[in-house]
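Enquirer: Just need the structure, nothing else, for what follows:
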Amino acid sequence: MLHLRGMTWKHDRGIKPLLAANEAFKKIHPNVQIDWDARSLQDFERYPLDLLAKEYDLIMIDHPHIGTAVKQKLLLPLSNYLSEDFLEDQKKNSVGLSYSSYEWEGEQWALAVDAAAQVSAYRKDLLSASILSVPKNWSEVQSLIKELPKGVYIGLPLVPVHAFASFFTLCSQISKQEFWSDETDLNIEAGEQAINILQEILPVLHPQSLNSDPIIMSEHMANTNEIAYVPLMYGYSNYAQNGFASNGIHFGNIPFDEDLPTGSMIGGVGLAISAQCVHINIVIDYLKMTADGEFQSTTFFQNGGQPGHRSAWRNEEVNFATNDFFRNTLQTLDYGSMRPRFDGYIEFQEKAGTMIRDFLMEGRTDRKDLIQQLNIQAKKARK
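Expert: Numbering: from 1, shown residues only. Okay, here's the model as predicted:
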């Protein structure tokens with residue numbers, strides 16, 4: 001029996017579809033066993049890839065790690081091993097920028113087997129009980145805040161990396177341009193507006209927001225009656241399925257003030273191969289099977305996965321099972337924004353997220369100075 005190793009993150013969405021893929025893969029390669037380990041969401045977002053690449057054949061990665069991974073030669077370029085037709089199908093069926101987020105220096109370094117972005121989340125029963133509607137824009141978010149009954153809040157994950165995510169989404173939506181990916185600074189006025197929106201809602205957020213990531217927030221939202229709405233949060237389709245948690249969560253587009261829900265900072269996960277993998281052909285077969293549209297729409301989704309293939313997002317059975325999670329959030333993903341991926345970006349994101357969170361907690365008003373400092377830190381990180 002040949003044993004290979006893979007690393008993902010610790011959540012049903014992260015581990016269960018890969019374990020199911022293992023069982024399906026054994027039918028093709030009965031003498032191959034892929035053992036998957038899982039790390040916390042926090043570790044997934046920040047753990048150095050060079051340490052993982054030494055121990056694992058397959059790695060589920062976050063696309064901002066790509067620049068560093070390529071510079072350090074940690075991953076295999078998939079274009080050397082997958083046919084043009086297969087890669088073209090993946091690109092054609094990308095959900096928003098998911099596929100291209102793993103392209104770097106003319107090569108494809110991972111397949112987008114999982115697609116996500118910041119979307120909105122709400123408890124339909126709590127809003128219906130109060131005769132309230134789901135906000136479509138930021139003005140309606142403010143109106144909802146005023147109308148919620150005592151003891152019911154809106155939420156927003158504000159651990160550093162997710163404080164950064166919401167800030168980045170708002171800046172992208174307001175400025176309508178890329179920043180920090182190259183030498184372009186974030187527009188000062190757009191940054192100030194974004195911080196102002198976050199400061200306006202901060203006093204009325206659920207107290208747990210400051211220490212929540214999307215999983216913690218979703219768990220609390222689903223298992224208590226304290227959070228009715230979250231305007232910006234990475235969506236987990238698991239919580240939209242009946243029976244997954246005590247109460248189902250519905251998901252929709254992020255609030256937007258113009259024609260389209262633009263700007264959402266995309267997330268998702270790519271399946272990559274360590275450059276130190278020896279059994280490349282076998283692992284390539286596993287990648288092809290797992291990323292295939294039919295597999296994504298069936299086995300992958302049915303075992304807790306959040307597919308990356310567009311056909312799964314449009315699949316009627318997949319949407320029926322998730323109360324239209326995919327149909328109702330697809331527009332937000334298609335008009336989403338991509339984080340920078342340069343070597344050194346992960347350290348910048350962590351530092352910037354802490355700066356933003358501290359600014360909010362301290363109730364500071366020197367917004368222009370914060371944006372200028374973020375621009376300075378982005379420049380330093382690129383060097």
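Enquirer: Let me know the pLDDT of D259.
Expert: According to the predicted model, the pLDDT of D259 comes to 87.
Enquirer: who touches S172 in this structure?
Expert: Under the criterion of Cβ atoms under 8 Å, 6 or more residues apart in numbering, the neighbours of S172 are 178, 262-265, 337. (C-beta placed from N, C-alpha, C; glycine too.)
Enquirer: What's the PyMOL line that selects buried ones from these?
Expert: Selecting only the buried members of the contacts of S172 in PyMOL, with burial defined as 16 or more other Cβ atoms under 10 Å, works like this:
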select buried, resi 262+263+264+265+337
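Enquirer: Could I get the average pLDDT for whichever strand or helix holds F167?
Expert: In the assignment (DSSP states H and E), F167 maps to helix 160-175. Over the span of helix 160-175, the pLDDT mean works out to 97.
Enquirer: Next secondary structure after that helix?
Expert: Proceeding C-terminally, helix 160-175 gives way to helix 188-201 as the next helix or strand, assigned by DSSP H and E.
Enquirer: Measure how far that next one is from the centre of its chain, please.
Expert: 22 Å (Cα atoms, centre = their mean, to the nearest Å).
Enquirer: And that helix, what does it pack against?
Expert: helix 138-147, helix 160-175, helix 345-362, helix 367-382 (3 or more Cβ pairs under 8 Å, 6 or more residues apart in numbering; DSSP states H and E).
Enquirer: so of these, which one's packed in deepest?
Expert: Compared across the helices and strands packed on helix 188-201, helix 160-175 shows the largest average neighbour count, a mean of 24 (mean count of other Cβ atoms under 10 Å).
Enquirer: What is the neighbour count of A291?
Expert: Counted by other Cβ atoms under 10 Å, the residues lying close to A291 total 25.
Enquirer: ok, now Q208?
Expert: Every residue meeting other Cβ under 10 Å relative to Q208 is counted, giving 18.
Enquirer: give me every residue that touches it.
Expert: For Q208, the contacting residues are 155, 216-217, 220, taking Cβ under 8 Å, 6+ apart as the criterion.
Enquirer: tell me the two of these that are most distant?
Expert: The most widely separated members of the contacts of Q208 are G155 and I216, with 9.9 Å between them, by Cβ to Cβ.
Enquirer: Among these two, which residue is more densely surrounded?
Expert: Neighbour comparison, G155 and I216: the larger count goes to G155, with 26 against 17 (by other Cβ under 10 Å).
Enquirer: Is the more buried one in contact with M221, as I believe?
Expert: Yes. G155 sits in contact with M221 when judged by Cβ atoms under 8 Å, with a separation of 6.4 Å.
Enquirer: shared neighbours of the two, anything?
Expert: Residues touching both G155 and M221 by Cβ under 8 Å, 6+ apart: 227, 230.
Enquirer: Apart from its chain neighbours, what residue comes closest to N196?
Expert: Spatially, and ignoring its direct neighbours in sequence, N196 is nearest to R367 (6.9 Å; Cβ to Cβ, 6 or more residues apart in numbering).
Enquirer: and if you look at K10?
Expert: By the measure of Cβ to Cβ, 6+ apart, the closest residue to K10 outside its immediate chain neighbours is A38, 4.0 Å from it.
Enquirer: Touching the helix or strand that contains that neighbour from outside, list them.
Expert: Under the assignment given by DSSP H and E, the secondary-structure element containing A38 is strand 32-39. When contacts are defined by Cβ under 8 Å, 6+ apart, strand 32-39 is touched by residues 1-11, 14-15, 18-19, 22, 25-26, 47, 56-58, 282, 286.
Enquirer: so where's this protein uncertain?
Expert: Low-confidence segments of the chain, defined by pLDDT under 70, span residues 41-47, 129-131.
Enquirer: mind redoing it with 90?
Expert: Under the criterion pLDDT under 90, the flagged ranges of the chain are 1, 9-11, 38-54, 128-133, 147, 182-183, 257-259, 382-383.
Enquirer: and the spatially closest residue to V159 that is not a sequence neighbour, what are its phi and psi?
Expert: Taking Cβ to Cβ, 6+ apart, and ignoring the residues beside it in sequence, V159 has D213 as its nearest neighbour in space, at 5.2 Å. Main-chain torsions, D213, degrees, to the nearest 10: phi -100, psi 180.
Enquirer: go on, the one 5 residues further on?
Expert: The phi and psi values for S218, taken as degrees, to the nearest 10, are phi -60, psi -40.
Enquirer: From R327, how far out is the closest residue to it other than its chain neighbours?
Expert: In space, not counting the residues next to it along the chain, S218 is nearest to Y239; the distance is 4.9 Å by Cβ to Cβ, 6+ apart. For Y239, the distance to R327 under the criterion Cβ to Cβ, to the nearest Å works out to 16 Å.
Enquirer: With K136 instead?
Expert: Taking Cβ to Cβ as the criterion, K136 is separated from R327 by 17 Å.
Enquirer: same question, A190
Expert: As it turns out, when the distance is counted by Cβ to Cβ, A190 lies 30 Å from R327.
Enquirer: What of L78?
Expert: Computed with Cβ to Cβ, the distance linking L78 and R327 is 29 Å.
Enquirer: who has more neighbours, the two?
Expert: More neighbours sit around L78 than around the other of L78 and R327, counting by other Cβ under 10 Å; the figures are 22 against 17.
Enquirer: how about the nearest residue to that one, chain neighbours excluded?
Expert: Per Cβ to Cβ, 6+ apart, closest to L78 is Q108, 4.7 Å.
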